[in-house]
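**Q** Provided below are the primary sequence and the corresponding predicted coordinates.
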Amino acid sequence: MTRSLLSMMLAPAIAFAVPTAAQGPAPVTVALSNFHIAPATIRLAAGRPVRLVFTNASGSSHNFTAPEFFAHATVVTGPVEHGEVELAGHTSASVTLTPARGTYKAKCTHFGHKMMGMSATIIVD
Ligand SMILES: [Cu+2]
C-alpha cells in the first residue's frame with residue numbers, strides 16, 4: 001500500500017479525532033526562546049476563558065512570570081506557581097484561566113534574561 005493511499009484512509013479518522021468542546025477554550029500560544037517572549041504584547045478578552053499554551057523552543061529553561069496577571073485571573077488550572085510558569089528546555093505547558101481586565105507585565109526571571117529581551121505586556125480588555 002502506498003503512503004498516499006494510507007494517509008487518505010487515515011485522514012477522516014484524524015479529522016474526527018479533533019473534538020472542539022472537549023478541549024475547552026481556543027489556545028493562545030506564548031513562545032519563549034533565547035531571548036524573546038512572543039508575542040511581546042499578548043491581548044486577551046476580559047472575562048473570557050482562554051487556554052494559554054507556553055512553549056519553550058530553546059534547549060535551556062525559561063519562565064513566564066506575571067504575578068499580578070495570574071493573581072487577578074480566575075479559574076486558573078495548570079502549572080502556575082507563585083505567579084510563574086517554569087519551562088525546562090524543549091517543553092510546553094498549558095494553563096487555562098479567565099483573565100481580568102487590566103494591563104500586566106510579564107518576564108522571564110532567569111538571571112539576565114529580561115535584560116536580553118524576555119519581557120512582554122499582557123493587555124486584557
Ligand atoms: Cu529566560
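**A** Structure's in. What do you need? Numbers count the residues shown, from 1 in each chain.
**Q** from now on I want contacts and neighbour counts done on CA atoms only, so please keep to that.
**A** OK.
**Q** quick check, the residue in the chain closest to the ion?
**A** Going by C-alpha to the ion, the ion is nearest to His62 of the chain, at 3.7 Å.
**Q** so what's that residue closest to, chain neighbours aside?
**A** In space, and not counting its chain neighbours, His62 is closest to Leu87: 5.4 Å by C-alpha to C-alpha, 6 or more residues apart in numbering.
**Q** the one you found contacts Ser61, correct?
**A** Yes. Using C-alpha atoms under 8 Å, Leu87 is in contact with Ser61, at 5.6 Å.
**Q** so which bits of the helix or strand hosting Glu68 are buried?
**A** Take DSSP states H and E as the rule and Glu68 turns out to sit in helix 67-72. For helix 67-72, a neighbour-count test (16 or more other C-alpha atoms under 10 Å) marks Pro67, Phe69, Phe70 as buried.
**Q** so who does the most centrally placed residue in the chain touch?
**A** Nearest to the mean C-alpha position of the chain, by C-alpha atoms, centre = their mean, lies Val53 at 2.4 Å. For Val53, the contacting residues are Pro27, Val28, Thr29, Val30, Ser92, Ala93, Ser94, Val95, by C-alpha atoms under 8 Å, 6 or more residues apart in numbering.
**Q** look up how far His72 lies from the second one.
**A** Yep, that's Val28 we're talking about. 18 Å (C-alpha to C-alpha, to the nearest Å).
**Q** same question for the first one.
**A** Counting by C-alpha to C-alpha, the gap from Pro27 to His72 is 20 Å.
**Q** who in this structure is up against the ion?
**A** His62, Cys108, His113 (C-alpha under 5 Å from the ion).
**Q** now, those residues that are in strands?
**A** His62 (DSSP state E).
**Q** the strands in the chain, which residues?
**A** Using DSSP E, the strands of the chain run over residues 27-33, 36-38, 41-44, 50-56, 62-65, 74-77, 84-87, 92-98, 102-107, 119-124.
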